[in-house]
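Chemist: Structure for this input, please:
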Amino acid sequence: MTPEKKKAALYVRVSTMHQIDKDSLPFQRQELENYAKYALGIEDFVIFEDAGYSAKNTDRPKYQEMMERIRAGEFTHMIVLKIDRISRNLKDFSEMYEELKGYKITFVSKNEQFDTSTAMGEAMLKIILVFAELERKLTAERVFAIMLSRAEKGLWNGATVPLGYVWSDELKFPVVEPEESKVVQYIYDLYEEHSSTTKVAITLNDEHVPTKRGGQWTAKTVRDVLRNPFYIGTYRYNMRESEGSRRLKNEDEWIVLEDNHPGIIRKEQHRTVNQMLSDNYKGIGTAQRANIHTHIFAKLLYCSKCGQLLTAGLDTARKDGYRPSRYTCSTNRLVDNAHSCNNFISDIANAPFVFNYVSNLIRLQEKITPKHAIKDMERALLRGSSFIDVLGIDNDSLKETHAMFARGFDGHDFSSAKNNDKYVTDLATQRLQKEKAKFEKALSRLEDLYYFKDEGISQKDYIFKKRNFLEELEVIEKELNKLQQNQTIKNSNVFIDNAQHFLITKEMQQARNVNYRELLDAVGKDLLADFIQSVISKIVVADKRVQSITFKNGITHSFAYKPLTEPQKGNAPAKPLNKEYEVMVLGYLEENGSASRTDIESLVGMKRSNTLNLLKDLLDRDLIVKRGNSVAIRYYINRKDI
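Modeler: The predicted model follows:
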């Protein structure tokens, strides 16, 4: 594109398919086409339409396509009818506008009559957007107040109708559905019998019992049914910070109406089942005791300093009885420890990192396309509070992963145990076959050089090099034969493995942020260990942090972390940020929901003053928030950016 050539991206959007008049798609199209042609003199343009999408975020297909083409340098202008067609969220719009400035794209809004090629236009843009966001927040507050008032009267506020109930137009509230209610009762009875949400899920799937939406059961969906007090006639509202969030509000903000509607489950049975769930979560149930000496990451963790395998053992018991595994460098047992490793890591820090990373990888595969940039993929892999310390992932492994996903679009599925197993085997076979071809070619060239070239090599060099090539070929042949034998053995037990792994991957797909303790409660240590062993071949750790993860397909993801010291504002010298304690504290809060100052003090083993300094640092950096007064103060993870 020459500098004189102008090309515009015209973006139109409506929130519903039924909007007409001035906000309709045809009207927006016509207005923008005329404005581009006659006001700006731009004849070359492309229209991007998003119908039925709200402006609360930028997760819209045509908007994302437009931004990708802008990044590719296709356009000089972006034109909209009104700025709220792009976003009513100041943060999203600011990020988009800064990106446009980086690509030297002129942003034009027809109705507000400004463009960002002038300083005044840019200033007016920011002022108008602030008021647009204010209007959105005021509207949201008014709607929320109405919803609270309705909930206090026991009126339905439009959530998903639970299994066992159907919507009644007459009562404007869910009523019991006889056939579905039998399924709910069956789930409670099964759990009382097996004391395992995983076994209940497998039983329901084996018996072809569908979920409310006709899908497959997982440990999480079973647990949601068992925990839901709606089945004993209790109506709850305003429990969580936001839709889809796991973070609970203070109980005094909840709206709880008991005996609000007909229940399905007896209150005694609901109480018994929930006590069983809580006991299993705390590790005092029979299912948990059976797994107490299983170490999920056994024989996977290696020391970054000396390369030795970390040995597994049980760490100190927490207040709720849970004892995480602790992995220590084996050289620490030697009298003469030349490496001075003192390297160890606990499940408290390791498990949330690894499981959330695998979860992000599974969910990334469902969304990624060849058009996605490497940076987008890195951002998706590092989403969540488990990665606040991570600066980035090495580019070579990201490119290799991107290529793997691109090859896998023809049907390979990372999240399916069967397909993943076969895909990993196929990749390993292909890699070995390429290695074999390389050495065969090298051997052929060596013989040509020795027999037919005047400036060839000596007989001694020829013999030694040929011997090396033949030895390499022999090793490759053995590996290929071993892969074929292993695949034959795996195929015989693939059905059971797939059923178990399906439950775990579904659990990890549905959660934006995997709670390791809930996952442990749902499926148990044995199944989690088997899952991790089937996906990962090696994890390297140092300073209580994961340095790299090598997957079964041979790809290694290495992580770069923020430095242990950071410059302070002004000219003050840098101060230590206690990164290892930061990870411990955030991991503990992620696991337990909240903690008091004394809880943190016991966790990190520091004096009160040092603990308060650590907490102040985390508060100043908006990583945590505190609630309550005086001795009732408790600390929580700040999830505003998650």
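Chemist: going forward, measure contacts between C-alpha atoms and count neighbours the same way
Modeler: Fine.
Chemist: Skipping adjacent residues, who's closest to Lys37 in space?
Modeler: Distances taken as CA to CA, 6 or more residues apart in numbering place Glu43 nearest to Lys37, at 5.5 Å, with adjacent residues excluded.
Chemist: number of nearby residues for the residue lying closest to Leu619 once chain neighbours are set aside?
Modeler: Once flanking residues are discounted, Leu619 sits nearest to Val625: 6.0 Å by CA to CA, 6+ apart. The local packing count at Val625 equals 18, with neighbours defined by other CA atoms under 10 Å.
Chemist: any idea which element Val625 lies in?
Modeler: Secondary structure from DSSP states H and E places Val625 in strand 624-627.
Chemist: re earlier: identify the residues contacting the residue nearest to Lys37.
Modeler: 6-7, 36-37 (CA atoms under 8 Å, 6 or more residues apart in numbering).
Chemist: circling back: residues touching the residue nearest to Leu619, list them.
Modeler: By CA under 8 Å, 6+ apart, the contact set of Val625 is 619, 635-638.
Chemist: hmm, 10 Å instead?
Modeler: Under the criterion of CA atoms under 10 Å, 6 or more residues apart in numbering, the contact list for Val625 reads 594, 615-616, 618-619, 634-639.
Chemist: Look up which residues are beta-bridged to it.
Modeler: Tyr636 (DSSP bridges).
Chemist: Can you give me the pLDDT of it?
Modeler: pLDDT for Val625: 89.
Chemist: Quick check: the gap between the residue lying closest to Tyr635 once chain neighbours are set aside and Asn592.
Modeler: Counting by CA to CA, 6+ apart, Tyr635 lies nearest to Lys626, which is 4.4 Å off, once chain neighbours are set aside. Counting by CA to CA, to the nearest Å, the separation of Lys626 from Asn592 is 15 Å.
Chemist: Met66 too?
Modeler: Distance check for Met66 against Asn592: by CA to CA, it reads 42 Å.
Chemist: Tell me which of the two has more neighbours.
Modeler: A count of neighbours by other CA under 10 Å puts Met66 above the other of Met66 and Asn592, at 21 against 13.
Chemist: Assign a three-state SS to the more buried one, would you?
Modeler: For Met66, the secondary-structure state derived from DSSP: H, G, I helix; E, B strand; the rest coil is helix.
Chemist: Could you pull up the contacting residues of it?
Modeler: Counting by CA under 10 Å, 6+ apart, Met66 touches 9-11, 46-49, 72, 74-75, 78.
Chemist: And the pLDDT for it?
Modeler: Confidence per residue is given as pLDDT, and for Met66 that number is 94.
Chemist: Can you give me the buried ones in stretch 255-264?
Modeler: By neighbour count with 16 or more other CA atoms under 10 Å, stretch 255-264 contains the buried residues 255-257, 260-261, 263-264.
Chemist: Could you measure from Pro262 over to Phe173?
Modeler: Looking at Pro262 against Phe173, where the rule is CA to CA, the gap reads 11 Å.
Chemist: Please apply the same query to Ile202.
Modeler: Going from Ile202 to Phe173 by CA to CA gives 32 Å.
Chemist: just checking, Ile457 is part of a strand?
Modeler: No - the assignment for Ile457 (three-state DSSP) gives coil, which keeps it out of a strand.
Chemist: Okay, now the unreliable bits of the stretch 201-350 of the chain?
Modeler: By pLDDT under 70, the low-scoring segments of the stretch 201-350 of the chain are 238-253, 281-293, 330-341.
Chemist: rerun at 50
Modeler: Applying pLDDT under 50 to the stretch 201-350 of the chain flags the ranges 287-292, 333-339.
Chemist: what does the stretch 401-550 of the chain give?
Modeler: 409-420, 423, 488-499.
Chemist: got the residue ranges for the helices in it?
Modeler: Listed from the start of the chain, the stretch 401-550 of the chain has helices (DSSP state H, counting those that start in this stretch) covering 417-452, 459-492, 494-510, 516-523, 525-535.
Chemist: ok, of the contacts of Glu43, which one's closest to Ala298?
Modeler: Minimum separation from Ala298 among the contacts of Glu43 (CA to CA) is found for Lys7, which lies at 57.8 Å.
Chemist: Stretch 100-112: end-to-end distance?
Modeler: In terms of CA to CA, the two terminal residues of stretch 100-112 are separated by 19 Å.
Chemist: ok, now stretch 57-64?
Modeler: Across its full length, stretch 57-64 reaches 11 Å end to end, with CA to CA as the criterion.
Chemist: Show me which positions of that stretch end up buried.
Modeler: By neighbour count, and taking 16+ other CA under 10 Å as the criterion, the buried residues in stretch 57-64 are 58, 60, 62-63.
Chemist: Equivalent analysis for stretch 207-223, please.
Modeler: When neighbours are counted by 16+ other CA under 10 Å, the buried residues of stretch 207-223 are found to be 211, 216-223.
Chemist: which SSE is the most centrally placed residue in the chain in?
Modeler: For the chain, the residue lying nearest the average C-alpha position, counting by CA atoms, centre = their mean, turns out to be Asn360 (3.6 Å). Mapping Asn360 onto the secondary structure by DSSP H and E places it in helix 347-367.
Chemist: Next SSE downstream of that helix?
Modeler: In the C-terminal direction from helix 347-367 (assignment by DSSP H and E), the next one is helix 374-381.
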